[in-house]
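Trainee: below are the sequence and a predicted model for it; my questions follow.
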There are 2 protein chains.
Amino acid sequence: MSELAFESRIPIGRASGQLLPLLLRIQESKGFIPQGWIPLIAQTLKMMSFSKELIGTDDIATKREAYYVSKNWGDARFNEQPESDMVMDDIEAMLMVNREQLGFIPEEKGGDVSGKLIVIDEDTETGKELKIDCTKFGSGAYSVPSSVEHLQFETDAEFILAIETAGMYQRLVKHAYWKKAKCILVSLGGVPTRACRRFLRRLSDEKKIPVYGFTDCDPYGIANIYRTLKVGSGNSAHINKYFCVPKAKFLGVTPQDIIDYKLPTHPLKDIDIKRTQDAFKNDPFIKHYPEWQKALKLLITLKKRAEQQALAASGLNFVITHYLPEKLEHPEKFLP
Amino acid sequence: MSELAFESRIPIGRASGQLLPLLLRIQESKGFIPQGWIPLIAQTLKMMSFSKELIGTDDIATKREAYYVSKNWGDARFNEQPESDMVMDDIEAMLMVNREQLGFIPEEKGGDVSGKLIVIDEDTETGKELKIDCTKFGSGAYSVPSSVEHLQFETDAEFILAIETAGMYQRLVKHAYWKKAKCILVSLGGVPTRACRRFLRRLSDEKKIPVYGFTDCDPYGIANIYRTLKVGSGNSAHINKYFCVPKAKFLGVTPQDIIDYKLPTHPLKDIDIKRTQDAFKNDPFIKHYPEWQKALKLLITLKKRAEQQALAASGLNFVITHYLPEKLEHPEKFLP
């Protein structure tokens, strides 16, 4: 049992969920729990008890707050936040629930939403049901909360457009594109947050709505933003599967669009070319899909990138009158 | 006339608003417009005509889109976005309106809002009035649009709390703090965007509601986030005065709070100490207020910083039950 070699230091893997089983095995083989483990066990129990308290009082805490709360745990307090994050990740993995269900919410907020969706939430104080109609916000939007597990949805939308930039989102909202296209518009604001991804996932699973990614055509838009939307973030692999949208498809902007729509481009930087080549060789996501390999090959050959906004060169609303309708006629051609 | 020395290159200052008056003076003294000025004049006229078109069709464009649209202007096209931004800034300064009023919107979005506020907007397609009640978003929020000039407000809020972190904002929303305190909660999400500042400014001016900043106690929270909220961003000084909240006050977290509330702290990094000392010596904002000089002096003496979340060390909801009520009893003690 190689784990035993680590007994004097904190041996817990990043989010392994192995703490309790490991302790049981150590106890079994040694007949006692070595001294070095005691603080970690105390911290884990304190954190679990804190989570129980959060759930019991229907409260929430960010990872940062949990770290500060631990300052009152005497010897079990954490010295740095990565320690408390690790324990929290481990509890999450051990209990097979996501940390939002344990009362822990992320620091950052989700995306902005407009269109054919009613979100059912409750008044945080009275518990009275609230129906939030995302067609009624004019130029503004509904902003997704940090934890979305308690939300319910009513919708007859035909698809969700998950948009990289706030500028493009605002254009589509301004022209009530969601009315014409019977859809839901979501502004990702760069790489989508956990809450935003979970929100989209629940709509994808529970309401069977297709989710279409619409990003810049560059390595960041494809291999960071869209990839994180589709398969999640590498940091939290164990629980990752709930925080991504496996059924998402990529509408654009594709490398082929640069040619087909004669888009104004910028040269790809050397580092971007290198990153794309790396993804091409090593990224399991890209390697899994021949379609993406072909697309990235074209991107490297072109040595160019194009932004969503580049569609404006053919007219500000070309994206609404031509680009999106033409694309949406053939969802079967979307990249996986 | 020293400006004439520059005649062969583009002499326009960043957002000087001096293009037309300068041209008139050159024309007067020379009897003709030198060749080197022609592209800039063409670009300025094209950009003004584009703005007229936006206003005429009730459309919008981001700075980035405007740059791409120029690709169809033949010889008047811009090669890089900073050129088109500069022309846009100059038109803005020349006409003494803000660029949102010219149809140009920022790329990034504003803040999140909950609480005692009704925003009056209109359906972007039908023009029908929409009343958006910010008490009806449950755990979610109303997200401020990129341009806020057309919004109207109804509110009986006693103050606005402008909060640095999404985590603290979510806590106050979760506990419907806006109900207890009769206020509006705004999540700045770091340094507030133009739209968010303008939104707060209009509430401050038109509804005479006090705006209180609530940030981390560190140079970034004070000299970036709060300072930008109060006096705007240095980049756009000419029009700056509309995109800041001069009547804002600083509720906390103050350096004195670190002592009074025995907050857990982190050491100030050397670069932070240097930055604070620089601000102390050179920043007109800090130099203008003896209260801020005293506060920053204390921060440098303590060599410590504290986060909003550090209040959680005294109990997760200490901020609601003690900190904010105690502070709000003495708004006259808030930092300017």
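Mentor: Right, received. Where do you want to start?
Trainee: surely residue A:120 and residue A:128 touch.
Mentor: No - the criterion here is CB atoms under 8 Å, and residue A:120 misses it with residue A:128 at 11.4 Å. (Each C-beta comes from the backbone N, C-alpha and C, glycine too.)
Trainee: so which bits of the stretch 151-300 of chain A are right by chain B?
Mentor: Near chain B, the residues belonging to the stretch 151-300 of chain A are A:151, A:165-167, A:170-171, A:173-176, A:179, A:187, A:189, A:264 when assessed by CB under 8 Å from any CB of the partner chain.
Trainee: give me the buried subset of these.
Mentor: A:151, A:165-167, A:170-171, A:173-176, A:187, A:189, A:264 (16 or more other CB atoms under 10 Å in any protein chain shown).
Trainee: helices - which of those residues land there?
Mentor: A:166, A:167, A:170, A:171, A:173, A:174 (DSSP state H).
Trainee: from these, pick the one nearest residue A:296.
Mentor: Checking these against residue A:296 with CB to CB, the nearest one is residue A:167 at 25.4 Å.
Trainee: is it true that the closest one touches residue B:65?
Mentor: Yes - using CB under 8 Å, residue A:167 is in contact with residue B:65, at 6.7 Å.
Trainee: can you list residues touching both of those two?
Mentor: Counting by CB atoms under 8 Å, 6 or more residues apart in numbering or on different chains, the shared contacts of residue A:167 and residue B:65 are residue A:309.
Trainee: any stretches of the stretch 151-300 of chain A with poor pLDDT?
Mentor: Along the stretch 151-300 of chain A, segments meeting pLDDT under 70 span A:234-239.
Trainee: report the buried residues of stretch A:268-276.
Mentor: Buried residues in stretch A:268-276 (16+ other CB under 10 Å): A:268, A:272, A:275, A:276.
Trainee: same check on stretch A:328-336?
Mentor: A:328, A:334, A:335.
Trainee: same question for stretch A:39-55.
Mentor: For stretch A:39-55, the neighbour count (16+ other CB under 10 Å) marks A:40, A:43, A:44, A:46, A:47, A:48, A:50, A:51, A:54 as buried.
Trainee: again, but for stretch A:186-206
Mentor: A:186-204.
Trainee: ok, stretch A:274-284 next?
Mentor: For stretch A:274-284, by 16+ other CB under 10 Å, it's A:275, A:276, A:279, A:280, A:283.
Trainee: those in helices, which ones?
Mentor: A:275, A:276, A:279, A:280.
Trainee: now do the contacts for the third one.
Mentor: In this case it means residue A:279. Counting by CB under 8 Å, 6+ apart, residue A:279 makes contact with A:219, A:223, A:286, A:296.
Trainee: go ahead and confirm residue A:39 touches residue A:76.
Mentor: Yes - applying CB under 8 Å, one finds residue A:39 in contact with residue A:76, separated by 6.5 Å.
Trainee: quick one on the thing from earlier: residue A:120 and residue A:128 - which one has more neighbours?
Mentor: Between residue A:120 and residue A:128, residue A:120 has the larger neighbour count (other CB atoms under 10 Å in any protein chain shown), namely 14 against 9.
Trainee: got a list of what the more buried one touches?
Mentor: A:129, A:130, A:131, A:132, A:151, A:152, A:153, A:154.
Trainee: beta-bridge partners for the last one, please?
Mentor: The reference is to residue A:154. residue A:118 (DSSP bridges).
Trainee: can you check the fourth one too?
Mentor: When bridges are assigned using DSSP bridges, the partners listed for residue A:132 are residue A:119.
Trainee: specify the local secondary structure of the residue lying closest to residue A:138 once chain neighbours are set aside.
Mentor: In space, residue A:138 comes closest to residue B:121 once its chain neighbours are excluded; the distance is 3.0 Å by CB to CB, 6 or more residues apart in numbering or on different chains. Applying DSSP: H, G, I helix; E, B strand; the rest coil to residue B:121 yields a three-state assignment of strand.
Trainee: and for residue A:162?
Mentor: Taking three-state DSSP as the rule, one finds residue A:162 in the strand state.
Trainee: would you mind measuring from residue A:223 to chain B?
Mentor: Relative to chain B, residue A:223 is positioned 22 Å away (CB to the nearest CB, to the nearest Å).
Trainee: any idea how far that residue is from residue A:284?
Mentor: From residue A:223 over to residue A:284 the distance is 12 Å, taken as CB to CB, to the nearest Å.
Trainee: coming back round to it: okay, the contacts of residue A:279 in CSV with secondary structure and neighbour count next?
Mentor: Shown next, in CSV, are these (DSSP: H, G, I helix; E, B strand; the rest coil; neighbours: other CB atoms under 10 Å in any protein chain shown):
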residue, secondary structure, neighbour count
A:219, helix, 24
A:223, helix, 21
A:286, helix, 21
A:296, helix, 21
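Trainee: now, which of the residues you listed sits nearest chain B?
Mentor: Distances from chain B to the contacts of residue A:279, taken as CB to the nearest CB, are shortest for residue A:219 (18.8 Å).
Trainee: list the contacts of that closest one.
Mentor: For residue A:219, the contact set (CB under 8 Å, 6+ apart) comprises A:268, A:272, A:275, A:276, A:279, A:299, A:305.
Trainee: the third one contacts residue A:224, doesn't it?
Mentor: No - with contact defined as CB under 8 Å, residue A:275 and residue A:224 do not form a contacting pair (9.6 Å).
Trainee: ok, now how distant is the residue nearest to residue A:169 when sequence neighbours are not counted from residue A:161?
Mentor: Nearest in space to residue A:169, with sequence neighbours left out and distances taken as CB to CB, 6+ apart, is residue A:187 at 3.7 Å. Separation of residue A:187 from residue A:161 (CB to CB): 10 Å.
Trainee: could you do residue A:148 as well?
Mentor: The value you get for residue A:148 to residue A:161, if CB to CB is used, is 19 Å.
Trainee: correct me if wrong: residue A:199 contacts residue A:111.
Mentor: Yes - at 7.4 Å, residue A:199 counts as touching residue A:111 under the criterion of CB under 8 Å.
Trainee: and for those two, which residues touch both?
Mentor: A:144, A:186.
Trainee: hmm, who's touching whichever strand or helix holds residue A:256?
Mentor: Assigned by DSSP states H and E, residue A:256 falls within helix A:255-260. By CB under 8 Å, 6+ apart, the residues outside helix A:255-260 that reach it are A:217, A:263, A:265, A:295, A:296, A:298, A:299, A:302, A:304, A:306.
Trainee: quick one: which of those residues sit in strands?
Mentor: Here DSSP state E is the test, and the contacts of helix A:255-260 give residue A:304 as lying in strands.
Trainee: for the contacts of helix A:255-260, which one is nearest residue A:21?
Mentor: The closest of the contacts of helix A:255-260 to residue A:21 turns out to be residue A:296 (CB to CB; 40.8 Å).
Trainee: that closest one touches residue A:283, doesn't it?
Mentor: No - in this structure residue A:296 lies outside contact range of residue A:283 using CB under 8 Å: 9.3 Å.
Trainee: OK, contacts around residue A:100?
Mentor: A:106, A:146, A:147, A:148, A:149, A:195, A:198.
Trainee: before we move on, back to that, just send the contacts of residue A:279 back as TSV, with distance to residue B:232 too.
Mentor: Supplementary listing: these in TSV, determined by distance: CB to CB, whole Å:
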residue	distance to residue B:232
A:219	35
A:223	37
A:286	44
A:296	43
